[in-house]
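Asker: turn this into a structure:
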Amino acid sequence: MLTDKHVYSVLIVSGVSEGTEIIVNLLPKSEFAPIISASNAGEAKRLLISQTFDIIIINTPLSDEFGSELALDIAENTYSGVVLMVKAELFDEVSCIVEQQGIFTVVKPISRQMVYQAIKLLIAVREKIRKTEEKNVTLKSKMEAIRIINHAKWVLIEKQNLNEATAHRYIEKQAMDQRISKREVAENILKKYNIK
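Answerer: The predicted structure is shown next:
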C-alpha cells in the first residue's frame, strides 16, 4: 500500500559554502524541503529559536565551534534528527561522545549514497520515535480520562449514596443518552458538585 510521502525540512550547518552546496545537491527536492543553511553554530541556534527542522546536518568543523557541541545541544533540546559529518581521523573520538544522544556520525569525504543512507536511517528512527510519542500522548489522554471518570464515580458514591457499580452504570448511561463521552459526563458531575 502506498502512502503519501512526508517531506522533511532540513537545516545544513557548514562553515564551507561548497560543503553546503554538495549536501543540498545530494538531497532530492521531492523528499527534502525546505533546505536552509547556516554558516556557523550561532546562526544555527538563532534559526532554531524560530523554526523547527526534521533533520539537521552539521559539517564539521564550524567557524565558532567544532560542531559536536551544537549537535549535542540540538539533540537535547529538540526532536530533530542530527547527522554530524567529521573527518576520518576524528570519527571514533567524536562518535563516542555523541552517539549516546542519538546523533549519527558519518565520515568525510562522503558519497551521495552514504549521505542518503544515513539520512534515510535517521528518518526511519525518527518516524519510529514519533509514532511512539503519539501512542504515549493517546495513552496519557486515556489514563487522564479514567482518572476523571473514577473521581466522578467516587463523588457519586459519596454525594448520592450509590455503590460503585451503580455509579459506573450511571456515567455510562448518561454518556449514551447525551451522546457524549464518559469523560465529559464525569467532568459535568465534578462541575455540578464544584469539585476540581
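
Asker: any idea how far residue 147 lies from residue 55?
Answerer: As for residue 147, its distance to residue 55 is 37 Å (criterion: C-beta to C-beta, to the nearest Å). All C-beta atoms are positioned from the backbone trio N, CA, C, and that covers glycine.

Asker: try residue 140
Answerer: For residue 140, the distance to residue 55 equals 27 Å [C-beta to C-beta].

Asker: those two: which is more packed in?
Answerer: residue 55 (22 against 10; other C-beta atoms under 10 Å).

Asker: what about residue 28, which SS state?
Answerer: coil (DSSP: H, G, I helix; E, B strand; the rest coil).

Asker: I'd like to know how many residues surround it.
Answerer: Neighbour count for residue 28, taken as other C-beta under 10 Å: 9.

Asker: now it: phi and psi?
Answerer: Backbone geometry at residue 28, expressed as degrees, to the nearest 10, gives phi -60, psi 130.

Asker: the chain should start at 38 in everything you say after this.
Answerer: All set: I'll call the first residue 38, so the last point we hit is now residue 65.

Asker: got the confidence number for it?
Answerer: At residue 65, the model reports a pLDDT of 85.

Asker: helix/strand/coil for the residue minimising distance to the centre of the chain?
Answerer: With distances taken as C-alpha atoms, centre = their mean, the residue of the chain nearest its centroid is residue 116 (4.1 Å). Using three-state DSSP, the structure places residue 116 in coil.

Asker: give the contact list for it.
Answerer: Counting by C-beta atoms under 8 Å, 6 or more residues apart in numbering, residue 116 makes contact with 89, 163, 166-167.

Asker: residues contacting the least confident helix or strand in the chain by mean pLDDT, please?
Answerer: Ranked by mean pLDDT, DSSP states H and E, the helix or strand of the chain with the weakest confidence is helix 54-63, at a mean of 87. Residues outside helix 54-63 that contact it (C-beta under 8 Å, 6+ apart): 49, 51, 72, 74, 76, 94, 96, 149, 152-153.

Asker: residue ranges in the protein under the pLDDT threshold?
Answerer: Where the chain drops to pLDDT under 70, the residues are 38-41.

Asker: if we go to 50?
Answerer: The model of the chain has pLDDT under 50 over residues 38-39.

Asker: mind listing the strands for it?
Answerer: Taking DSSP state E as the criterion, the chain contains strands spanning 45-51, 69-75, 92-96, 118-124, 141-145.

Asker: wait, which of those strands is closest to residue 216?
Answerer: Closest approach to residue 216 among the strands of the chain is made by strand 45-51 (40.6 Å; C-beta to C-beta).

Asker: against residue 118, how distant is residue 173?
Answerer: Noted for residue 173: a distance of 19 Å to residue 118, by C-beta to C-beta.

Asker: out of these two, which sits in the more crowded spot?
Answerer: Neighbour count, other C-beta under 10 Å: between residue 173 and residue 118, residue 118 has more, with 27 against 10.

Asker: can you tell me which helix in the chain is longest?
Answerer: The longest helix of the chain (DSSP state H) is helix 149-197.
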